[in-house]
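> pasting the sequence and the predicted coordinates here, then a few questions.
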Amino acid sequence: MELAHAESSRTSSPSNSMPTTPLPQFQIGILMMFELTEIIASMSIYPYINQLVREIDITGGDDAAVGYYVGLIDSLFYLAQALTVLSWSRLSDRIGRKPVLLIGLTAACISMICFGLSTTFWSLVISRCMWGVLNGNTGVMKTVMGEFTDSTNMAQGFALIPIIWSIGSFVGSLMGGILARPQDHWPGLFTYPFWRKYPYFLPCVVSASLLLLAFFMLLHFLEETLSTKRRPRLTLSIPGVSRGVDSDDQEAFVRQSTANTTLWSLLTPAIVIPIANYAMLSFLDMSFRALIPLFLSTPTHLGGMGLTPSSIGLWLAFCGIVDGLFQALFLAKIVDWVGPKRLFCVSVSCFTPLIVAFPVMSWLVRTRGVVDHAIMYALLSQLILTVTWDMAFVTGLMFITASAPTKNVLGVVNGLSQSSRSMACALGPALTTSLFAFSKKHNILSGNAVYVVLIMLSGVLRWLGSQLPDEIQDRDE
């Protein structure tokens, strides 16, 4: 099998000037297909979620308060994920990666159906929290990618994640924007009262169908990567265990080794610094992602762009495809050319001008009175900065994966990083959208207080980036 070939290649490579190990293409293709469906489902709600919150009338007609409630939905989702993702990652170290991924897909599918049928604010919250509590796939997927790759092909493997993220953002945003309120777009096809009662069910049920397809693809085609749970023909030597050891003894050895590794023993600077960078990076990124649809949908008299859900979906889809094409064509080469640490520092330095673009566009809309070509130039400039900013995620994941002292704790390390990321994501959208709404409502710093705070936090991330090791450690040695 491809996994066995990849691992045998990496064990036979010399420690110095190792040739690049071929990636197990079919297995990584299945993994990326699974990741794509989850991203599509997750991103499909953003073009219409602001409009949905307005329509359920939780805001009492106050458009400035929409940000509070949208941020609360996002934050409670990530808080639920933060409380459970480490447990899912540790469970994957015991029962295998594949069962945990399948459980997560099932939960995501049910969550999307419930979201589409929600007619109250708290039903929206419960359906999203269901995904957060029962789906730990984000951390486990990165663990599987780490087990599919070694130090010679890690950049190529992890470079696929932002590519898939960009494609998923494109498809999800486009799908959410176009399929929302189908009775308005295609009144001849969607005539039943059901579609007027649940106007956002169509993008949710399409997302759920894709997740169901991914479930069966994983069930039948994905190979288990946890060494103690592979089928005998895929089981190879484990560092520190002789090839002559019986497979039951080998499994017992790994289980005992994993059990004896405490979380406290993993909180070393070599692991904590990359995780801290990833958490702060995620906080700022999720704050930015939450701001985009909120800014684009906010009425112009409150400093936004006043765009419709379909227009927002088309713009987010365009951004996703441009970002994905760039990552696909150039990211791995740039990592090899510039180096992981230098690229990380350059990428995070783009966050300040990325945020400055928001008040600039708000000023342009106020002075010009319409969304014209000048606004489009500003949006395109922000897109270029976003593409550069997104490259930080691959290098951040590379540092985290390489920080695991042994492969049998890779799941725990990724669980720690994902827990930190989820907590940052729980705080990011809530604080940012709430501060956006508060600063607009009370005209703090001319409504720009949220941007000032985010720019100050980006300075903290720049300092954290300088603390990363100069080179990626070879985790295979």
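In hand now; what should we look at? Residues are numbered from 1 along each chain as shown.
> helix or strand right after the strand or helix carrying residue 29?
Here residue 29 sits within helix 25-43, counting by DSSP states H and E. As assigned by DSSP H and E, the chain's next helix or strand after helix 25-43 is helix 46-55.
> if you average pLDDT over that following helix, what comes out?
Helix 46-55 carries an average pLDDT of 88.
> quick one: list the elements packing against the helix holding residue 29.
Judged by 3 or more Cβ pairs under 8 Å, 6 or more residues apart in numbering; DSSP states H and E, helix 25-43 is in contact with helix 2-12, helix 97-116, helix 137-148, helix 154-179, helix 201-221. To be clear about C-beta, it is placed using only N, CA and C from the backbone, and glycine gets the same treatment.
> could you export stretch 306-321 as PDB, CA atoms only?
Extracted in PDB, the C-alpha atoms of stretch 306-321 (Å, rounded to 0.1, in the frame of the first residue of the first chain):
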ATOM      1  CA  GLY A 306     -24.300  47.200   2.800                       C
ATOM      2  CA  LEU A 307     -23.900  44.100   0.500                       C
ATOM      3  CA  THR A 308     -26.500  41.300   0.000                       C
ATOM      4  CA  PRO A 309     -25.800  37.700   1.100                       C
ATOM      5  CA  SER A 310     -25.400  36.600  -2.500                       C
ATOM      6  CA  SER A 311     -22.800  39.400  -3.200                       C
ATOM      7  CA  ILE A 312     -20.900  38.500   0.000                       C
ATOM      8  CA  GLY A 313     -20.900  34.800  -1.100                       C
ATOM      9  CA  LEU A 314     -19.500  35.600  -4.500                       C
ATOM     10  CA  TRP A 315     -16.800  37.800  -3.100                       C
ATOM     11  CA  LEU A 316     -15.800  35.300  -0.500                       C
ATOM     12  CA  ALA A 317     -15.800  32.600  -3.100                       C
ATOM     13  CA  PHE A 318     -13.600  34.600  -5.400                       C
ATOM     14  CA  CYS A 319     -11.100  35.200  -2.500                       C
ATOM     15  CA  GLY A 320     -11.100  31.500  -1.800                       C
ATOM     16  CA  ILE A 321     -10.300  30.400  -5.300                       C
END
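> columns distance to residue 387 on top of the helices and strands packed on helix 25-43, output as TSV?
Output for the helices and strands packed on helix 25-43, formatted as TSV (distance: least, Cβ to Cβ, whole Å):
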stretch	distance to residue 387
helix 2-12	30
helix 97-116	28
helix 137-148	22
helix 154-179	9
helix 201-221	26
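> redo those as TSV? Include mean pLDDT, mean neighbour count and distance to residue 78.
Output for the helices and strands packed on helix 25-43, formatted as TSV (pLDDT from 0 to 100; neighbours: other Cβ atoms under 10 Å; distance: least, Cβ to Cβ, whole Å):
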stretch	mean pLDDT	mean neighbour count	distance to residue 78
helix 2-12	44	16	32
helix 97-116	96	22	14
helix 137-148	89	24	10
helix 154-179	85	23	16
helix 201-221	96	19	19
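> tell me what the helix or strand encompassing residue 272 is packed against?
Secondary structure from DSSP H and E places residue 272 in helix 269-297. Applying 3+ Cβ pairs under 8 Å, 6+ apart, we find helix 269-297 packed against helix 46-55, helix 66-95, helix 309-326, helix 351-368, helix 373-403, helix 410-442, helix 449-466.
> in it, what's buried?
Across helix 269-297, burial judged by 16 or more other Cβ atoms under 10 Å covers 271, 273-297.
> next: stretch 118-125.
In stretch 118-125, counting by 16+ other Cβ under 10 Å, buried: 118, 121, 124, 125.
> mind checking which helix or strand the last one is in?
What it means is residue 125. Using DSSP H and E, residue 125 falls in helix 121-134.
> could you do the first one as well?
For residue 118, there is no helix or strand it lies in under DSSP H and E.
> show me the contacts for it.
Going by Cβ atoms under 8 Å, 6 or more residues apart in numbering, residue 118 touches 124, 127.
> quick one: it from residue 313, how far?
Residue 118 is 20 Å from residue 313, where distance means Cβ to Cβ, to the nearest Å.
> and if you look at the last one?
When distance is defined by Cβ to Cβ, residue 125 is 23 Å away from residue 313.
> out of the buried residues of stretch 118-125, who's nearest residue 206?
Closest approach between the buried residues of stretch 118-125 and residue 206, by Cβ to Cβ: residue 118, at 16.4 Å.
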